[in-house]
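Participant: got a predicted structure here, sequence first:
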Amino acid sequence: MGLFKPSNDAAKKAAAEAALAYVPRGGVIGVGTGSTANCFIDGLADLRNQIAGAVASSEATAQRLRKVGIEVLDLNSVNELLVYVDGADEINPDLHLIKGGGGALTREKIVAAVARQFVCIADDSKCVDILGRFPLPVEVIPMARAYVARELVRLGGSPDLRVGFTTDNGNCILDVHGLEILNPIELEREINQIVGVVTVGLFARRPADVALIGGPSGVRRLTPRP
Ligand code: 5RP
């Protein structure tokens with residue numbers, strides 16, 4: 001179970017459909033996790049004969065891809081990943097993201113790192129000027145949970161254990177409230193350095209390359225501000 005988020009289904013679907021134009025015909029595509037990524041998988045199903053397969057960012061996504069007849073490939077067996085399509089919990093004008101509301105942040109960050117192009121899809125409720133209103137997910141090795149929580153408090157956050165949730169990698173998640181993230185690149189580096197942290201759900205050192213944002217007047221295509 002992920003964090004509760006309000007639904008904006010039509011806008012998510014529109015953004016997901018716009019991302020189908022980025023699908024590398026004949027190539028392998030990386031596919032993210034969450035309700036917006038699920039809309040993308042629904043559309044990708046119609047293109048299944050035009051791709052070589054997909055790399056999934058979670059077990060849930062792998063299952064859904066297989067269900068619509070798309071072959072799921074091990075990232076280690078893929079030489080080139082041209083495109084990764086995934087949702088986000090918050091997006092700033094630099095296309096720095098908060099991700100991990102669905103708990104798949106570690107595999108998402110790995111696939112995003114490998115992909116040549118990261119296409120973020122979302123409804124317009126996800127766009128913010130400053131990241132941090134959405135609690136920042138941090139995946140943590142279970143034995144380090146209390147230590148990491150104390151370190152996150154030192155950084156000004158209020159971490160909450162995501163109760164009853166275990167990641168695909170067997171770890172727990174701390175959701176950090178109360179952060180106003182003025183320097184996402186620096187905070188990502190700082191949190192990554194805490195011993196016991198597997199991944200922080202800040203995607204700033206590797207931001208999205210393009211964001212497709214669904215809203216009442218259609219889909220806007222954003223690139224990082226110059
Ligand atoms: C999962 C994620 C999702 O991309 C993020 O939570 C957005 O989800 P949704 O598309 O359901 O709003 O990071 O770990």
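Facilitator: The structure has been received and is ready for your questions.

Participant: nearest spatial neighbour of the spatially most central residue of the chain, skipping sequence neighbours?
Facilitator: Residue closest to the mean C-alpha point of the chain, counted by C-alpha atoms, centre = their mean, is K99 at 4.4 Å. Distances taken as C-beta to C-beta, 6 or more residues apart in numbering put G201 closest to K99, at 4.8 Å, once the chain neighbours are dropped. Just so you know, the C-beta spots here come from the backbone N, C-alpha and C atoms, and that holds for glycine as well.

Participant: isn't that neighbour right next to V140, touching?
Facilitator: No: G201 is beyond contact range of V140, at 11.6 Å (criterion: C-beta atoms under 8 Å).

Participant: who has more neighbours, those two?
Facilitator: G201 (29 against 26; other C-beta atoms under 10 Å).

Participant: G32 is in contact with L44, correct?
Facilitator: No: L44 lies out of contact with G32 (C-beta under 8 Å); the separation is 11.5 Å.

Participant: between these two, which is the more surrounded one?
Facilitator: Applying other C-beta under 10 Å to L44 and G32 shows that G32 carries more neighbours, namely 29 against 24.

Participant: distance check, that one against the ligand.
Facilitator: 5 Å (C-beta to the nearest ligand atom, to the nearest Å).

Participant: confidence score at that residue?
Facilitator: What the model reports as pLDDT for G32 is 98.

Participant: mind listing what the residue nearest to K99 touches?
Facilitator: Contact analysis of G201 by C-beta atoms under 8 Å, 6 or more residues apart in numbering lists 89, 98-100, 105, 136-139.

Participant: narrow the residues you listed to those in strands?
Facilitator: In strands, defined here by DSSP state E, the members of the contacts of G201 are 98, 136-139.

Participant: before we move on, back to that, for the residue nearest to K99, give its distance to the ligand.
Facilitator: In terms of C-beta to the nearest ligand atom, G201 sits 7 Å off from the ligand.

Participant: same question for V83.
Facilitator: Taking C-beta to the nearest ligand atom, one finds V83 at 16 Å from the ligand.

Participant: elements contacting the helix or strand hosting V55?
Facilitator: Assigned by DSSP states H and E, V55 falls within strand 53-56. Judged by 3 or more C-beta pairs under 8 Å, 6 or more residues apart in numbering; DSSP states H and E, strand 53-56 is in contact with strand 28-31, helix 59-67, helix 105-114.

Participant: what packs against the shortest one?
Facilitator: If I follow you right, that is strand 28-31. Secondary-structure packing of strand 28-31 (3+ C-beta pairs under 8 Å, 6+ apart): helix 35-44, strand 53-56, strand 83-86, helix 105-114.

Participant: buried set for the last one?
Facilitator: Neighbour counts using 16 or more other C-beta atoms under 10 Å place 105-112, 114 of helix 105-114 among the buried residues.
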